[in-house]
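1. dropping a prediction and its sequence here:
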Amino acid sequence: QVQLVESGGGRVQPGGSLKLSCTNSAPDRSTYVMAWFRAPPGKDSEVVAAINRPGDSTAYAPSVSGRFTISRDNVKNTVYLQMNDLKIEDTATYFCAARRSTSDDLPFRREQYDYWGQGAQVTVSS
């Protein structure tokens, strides 16, 4: 059973930074493509970033490119999302997602991921 647990959410002022973490309980954790999605209040969820299995290829939504960085540590079973220069519109519940994969494709559709965390709230407010 794969369990994903997010941590690191909170409240920050515009321009501030937060770092989210997601631990993966799967024993074969390095076979998973990982991603972050977010669900803003009253809106559908959207992809934020994805990272391949070894961690040497990443992709970002245009709205966060240059501000957010996704990374992973397969020894620590953890994927991270470093969020800098946060904006009010980044306010959302952030979800970690995992896709069992034998390739290094970086899918951006929610239905392409197999496992989900419970979510971490990020609030950007002055």
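-> That came through, no problem.
2. next up, the contacts around residue 4.
-> Residue 4 makes contacts with 22, 23, 24, 25, 96, 97, 98, 115, 116, 117, 118, as judged by CB atoms under 8 Å, 6 or more residues apart in numbering. C-betas here are computed from N, CA, C, even on glycine.
3. change it to 10 Å
-> Residue 4 sits next to 22-26, 32, 34, 79, 95-98, 115-118 when contact means CB atoms under 10 Å, 6 or more residues apart in numbering.
4. just the strands from the protein, written as ranges.
-> Under the criterion DSSP state E, the chain contains strands at 4-7, 10-12, 18-24, 32-39, 46-51, 58-60, 68-73, 78-83, 92-100, 115-116, 120-124.
5. most centrally placed residue in this protein?
-> In the chain, the residue lying closest to the centroid (CA atoms, centre = their mean) is residue 36, at 2.2 Å.
6. quick one, which of the strands of the chain is packed in tightest?
-> strand 32-39 (a mean of 24; mean count of other CB atoms under 10 Å).
7. report the rounded mean pLDDT for that one.
-> For strand 32-39, mean pLDDT rounds to 96.
8. partner strands of that strand, with direction?
-> strand 46-51 (antiparallel), strand 92-100 (antiparallel) (DSSP bridges).
9. with distance to residue 13 and mean pLDDT added, can I get these in CSV?
-> Below are those laid out as CSV (distance: least, CB to CB, whole Å; pLDDT from 0 to 100):
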stretch, distance to residue 13, mean pLDDT
strand 46-51, 20, 97
strand 92-100, 16, 96
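10. can you put these in JSON lines and add distance to residue 108?
-> Shown next, in JSON lines, are those (distance: least, CB to CB, whole Å):
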{"stretch": "strand 46-51", "distance to residue 108": "4"}
{"stretch": "strand 92-100", "distance to residue 108": "11"}
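11. nearest to residue 68, of those?
-> strand 46-51 (5.9 Å; CB to CB).
12. tell me the contacts of the residue nearest to the centre of the chain?
-> Taking CB under 10 Å, 6+ apart as the test, what residue 36 contacts is 6, 20, 22, 47-51, 60-61, 64, 68, 70, 79-81, 83, 94-97, 117, 120.
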